[in-house]
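Trainee: show me how the following folds:
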Amino acid sequence: MSTISTQLRNFKEPTKDQLTHVFFSIPEVPPVPSKDTEKQVSGDIEKMEINAILSFGAQEVEDSYAGKLHLLPPYLAFSSLDRKSVRFTLPLSTVRRVERLNARAGVYALSLSTWHGMKIIVQLTSLRPTADLFCSLLREALKAELQRGHMKAVKGFVKTCYSEGLVSLSGVSDNEREDGSLITETKEGCPSPETEFHGGLGLQFKFPGDPKKLREASKIKLWTTYLKNHGRNLTLLRYPQCTRLVQVGLPNRLRGEMWETLSGSIYLRYSNPGVYDQLLLDIQGTNSTSFEDIEKDLHRSLPEYAGYQADEGISALRRVLQAYSHRNPEVGYCQAMNILAAAILIYMSEEQTFWLLEVLCDRLLPGYYSPTMHGTLLDQRVFESLVTRCLPMISDHFQAVDVQLSVASLPWFLSLYINSMPMVFAFRIADCFFCMGPKVLFQVGKAILKINGEKLLQIQDDGGFLSLMREYFASLGDSAHPESADPRTRAITRFQELLLVSFREFAVISDETILSERRKYRNEIVNSIESFSKRSAIRNLKTLGRFTKEQAGFIYDALYKAMCEVPPPPAVAPPPSLLTTNDGNQERAETRIGIPTFQVFLSEILTWARSEKIVINGFQQRIDREVAEHELIDRLFYFWDTSCNGSLSFQACFLMNEQKINAHEYPQDLVSGLDGVMLNDLMENIEWFFNLHDNNKDGYLTKDEVLTLSESFLFIFRHEIGDAYLGAVSKFMTNAFEYGDSLLPQHTDSKTGATGPQTIGHNQPYLNLATFRMVVLADEVLESFFETDLSASFRLEPVPDLELPPASSGFLGDLWSNIATQDNKKMFNRLSDELGKTIGKHQVIYRPTIGRFTKLEEPTARESLISPPTKTTSGSSLDTVLVSSSSSTLDASSIHDSGPSSASVFSPMPHFKAVNAAFMERTPFAIDDAGDDDDDSDLDMVHGEDDDQVLDEVDAFLEAHDSGLTEADKEVAKDLLHAEPVK
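Mentor: I've put the predicted structure just below:
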């Protein structure tokens, strides 16, 4: 693991607006360029929500529902009060007419007509001024969409949607097989059929499963009826029947379009025309580490499906994955992406798959497909918590026999069950996932454990757990009650039983439950991942030098804290395609820091690289730490940058040339640099300090460099008590120039006859190392500094645990988090300081960085350079005062007293092992084989073309939905169906 990432600590709880966008599957609107004034005006339209009652234009098709109507330009959205019965998201560009209805007194109602003639009636139940404001904002948003030309693009876009042909009078089934795939064989002299609508590999290579057993024809009829009455693609209205039909299973031919409609990726495709094609042009002729990883996994992506045994399928998969990794370089390509993309491509075109992959990775499953897999690990911890709460016997047994639940459950979540169970069933779960959200993964997972509860209590190890799960998944098509005398009961399959248990018994698991549990365990997972990353970084060091692993860990901690405070700019990193770590494997670019981050890093481990002041103002006593900025800090940065790359790194890495040969090595600058000074003796420290100021490395200091070295001394000793250090620097300058002049060639003036040192320029060699040693050893203070104090000023100590962003905890918690910010704390400190100055109680004391000499006395010059140095044993009087102080917050050393926190019980290692094991191969299931149209099975008697059997399964998921309306409200809503527009 070569990259040190602080991204996990940058996580912020989503705002209310962001949660609203996620709920309605609305993509984030990109910033509008300031040059385009028309678009800029449309981008500034205010958002608004209002109480409303939704009535459907067609009579007696659906009930009326109370809820909230949201104006989220360029979208209009509605959700019922329970947030699950009814919802819709309409691009404003699909609205063709908005009329005020002439209704009863006190009723404010609007009629919205979409581009294909569907009529929606909304009754605004807020106060009249609020309703007028909403209508005004809606009018402005519609004008903006008209100016941007989006309304003209609707008809061209919907031609790519299969549902348009499905509900048309002509239909689209003439050239289709029963399973929805296209008939490519044509009679002689007849051209092959061409279609405008998008579709996946299933059109050519057939869809998984037997269409008769899947009752494709019946599902198509039911969906055709629903889409005719409730809109389709961009204008789909999601009523309770929509959810129930999804739970029964989408027909093959509609599945791709419904996935992108339910997930919201259709809005991304609609608002970004031509982006995918442009990405394909951009990546032509390019290469990256992600591209190489993609090539390795292409032929391991659902290899049992016929489409991926042909070049067409492999090429399509390659293009989608490469386009995504190119557009999202921070994520690139991660494990299991190939499984998801391969499955989606069976039902969707390349462009549709690309945008759905974008929604999956960014919104539906954030952090699942990232280098750290933090989203997956977090949800595994949440799943374990829910199992402990709802299935305590299974959880206790797993702990007793040391079985890791994540061994099986992590691949379930990561591949949406596609890699674990037959595809025909996994796609049914994917249908529900895109419709109802990530909670489906948890509900299905717990249902699997409950149904197999008795057998799970008999297992003794991970192998038995995995074997039991494989057997169960292979039997999902079998009858759940084979011994029953009732034929309808015998017809219920184990998969139908799984869905019923999932959505009935575990309906209590809601989106709010998942969000709450994620907040609860996020810090635990972040700390676990950071600890794992730290161990990996230390293990990958080329050498520890003279440090122990514990000391190397302290260096890592200080660097990580500095990167959290001042993130290194991406520009300092070499090209990712040219870097590899010292283990020879190409990985992401090694993290390299610039001077701003280095200053913060150095202030954590070097006393004179920071200024610590004790502030007493009569109201509080505190220690303020400031990062020091001086030419010596910059000089040290470039001194450690031996590769002259303008940046420093924690680990070693190699620059690769085009022939993949190590052309240049970038050393582990920080570890090597600290090793070169922290563990030195007297003479080594003197030589190190000399070389630090020898700019051209010729073994001599010029006069200017001697002055710079003196300034460095003054900077290091700037907060010391008394005149001992100041006097030492003064004597150093005097002795340096005296000894330096004495070594210069003597010159006699022809006019005066006076003899003296030859005059040289300020940039000429002047003082060598031997003379510098002699000057230093002539002073007791400087000798003591180089013998012990210089190395001792570098302190590798435990870094306090960094605070993670606080989780949202209700109104009071959010209010306190907004008040107790760092900026507000600084403002309060400044205010208290000003008040302290006013009453005369403000005092600032700087803590010395060395603290050896504290008396106001002049140091004596050494009589002999070889006499033993006189040690000063008196401690710092200021430190004594600080220790005796009643306030423990005054002592900065107390900040580092606490050792590293104990390792978290949760470890990511078993999860990574589970992923590697799970994706090595996928069990092929016979039920996934495409059915033969000519095969007349005896199962037709049970699974024939009987619409009532499909409706029976729909009724199994039937739930009571509260419209939130009284009988009087319902009467008003019915009257609005016949109301005329206001003239």
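Trainee: going forward, measure contacts and count neighbours with C-alpha atoms only.
Mentor: Noted.
Trainee: same for the host helix or strand of A973, what does it pack against?
Mentor: Using DSSP states H and E, A973 sits in helix 967-976. Counting by 3 or more CA pairs under 8 Å, 6 or more residues apart in numbering; DSSP states H and E, the packing neighbours recorded for helix 967-976 are strand 48-56.
Trainee: from L476, how far out is D928?
Mentor: 12 Å (CA to CA, to the nearest Å).
Trainee: I meant L112, not that one.
Mentor: For L112 relative to L476 (CA to CA), the value is 45 Å.
Trainee: repeat for R625
Mentor: Taken as CA to CA, the span from R625 to L476 is 63 Å.
Trainee: just P596 next, same as before
Mentor: Separation of P596 from L476 (CA to CA) stands at 59 Å.
Trainee: could you do M683 as well?
Mentor: Separation of M683 from L476 (CA to CA) stands at 77 Å.
Trainee: and the two? Which one has more around it.
Mentor: Counted by other CA atoms under 10 Å, M683 and L476 do not tie: L476 has more neighbours, with 19 against 13.
Trainee: surely that one is in contact with L499?
Mentor: No: judged on CA atoms under 8 Å, L476 makes no contact with L499 at a distance of 11.0 Å.
Trainee: give me the secondary structure label for the residue nearest the centre of the chain.
Mentor: Centroid-nearest residue in the chain, with CA atoms, centre = their mean: G367, separated by 4.8 Å. State at G367, reduced to three classes by DSSP: H, G, I helix; E, B strand; the rest coil: coil.
Trainee: give me the element the nearest residue to it once chain neighbours are set aside is part of.
Mentor: Distances taken as CA to CA, 6 or more residues apart in numbering place G375 nearest to G367, at 3.9 Å, with adjacent residues excluded. Using DSSP H and E, G375 maps to helix 374-390.
Trainee: sorry, back to before: got the angle for the helix holding A973 vs strand 48-56?
Mentor: Put simply, helix 967-976 runs at 80 degrees to strand 48-56, going by axes from the mean of the first three to the mean of the last three CA atoms, to 10 degrees.
Trainee: tilt between the next helix or strand after the helix holding G375 and helix 374-390?
Mentor: For helix 374-390, the following helix or strand on the C-terminal side (DSSP H and E) is helix 392-400. On the basis of the same axes, to 10 degrees, helix 392-400 is oriented at 120 degrees to helix 374-390.
Trainee: residues of helix 392-400 that come out buried?
Mentor: If you call a residue buried by 16 or more other CA atoms under 10 Å, then helix 392-400 has these buried ones: 394-395, 397-398.
Trainee: with stretch 9-23 instead?
Mentor: Within stretch 9-23, the residues that qualify as buried are 9, 22-23, counting by 16+ other CA under 10 Å.
Trainee: that stretch spans what distance, first to last residue?
Mentor: Terminal residues of stretch 9-23 lie 25 Å apart, using CA to CA.
Trainee: could you pull out the strands in the stretch 301-450 of the chain for me?
Mentor: Read by DSSP state E, counting those that start in this stretch, the stretch 301-450 of the chain holds no strands at all.
Trainee: what residue ranges in it score low on pLDDT?
Mentor: For the stretch 301-450 of the chain, no stretch has pLDDT under 70.
Trainee: repeat that for the stretch 501-650 of the chain.
Mentor: In the predicted model of the stretch 501-650 of the chain, residues 570-590 satisfy pLDDT under 70.
Trainee: if we use 50, what do you get?
Mentor: Residues of the stretch 501-650 of the chain that meet the criterion pLDDT under 50 lie in 571-588.
Trainee: hey, where'd the strands end up in it?
Mentor: Assigned by DSSP E, counting those that start in this stretch, the strands in the stretch 501-650 of the chain fall at 579-581, 592-593, 610-616, 621-627, 648-649.
Trainee: pick the most buried one from those strands.
Mentor: Most buried of these, by mean neighbour count (mean count of other CA atoms under 10 Å): strand 648-649, with a mean of 26.
Trainee: partners of it in the sheet?
Mentor: Sheet pairing of strand 648-649 (DSSP bridges) gives strand 592-593 (antiparallel).
Trainee: returning to that earlier point: helix or strand right after the helix holding A973?
Mentor: Per DSSP H and E, the helix or strand that comes after helix 967-976 is strand 980-981.
Trainee: distance from that following strand to the middle of the chain?
Mentor: Its chain's average C-alpha position is 50 Å from that of strand 980-981, according to CA atoms, centre = their mean, to the nearest Å.
Trainee: just checking, what packs against that strand?
Mentor: Secondary-structure packing of strand 980-981 (3+ CA pairs under 8 Å, 6+ apart): strand 95-102.
Trainee: the strand it packs on: which residues count as buried?
Mentor: Buried, per 16+ other CA under 10 Å, within strand 95-102: 95, 98, 100-102.
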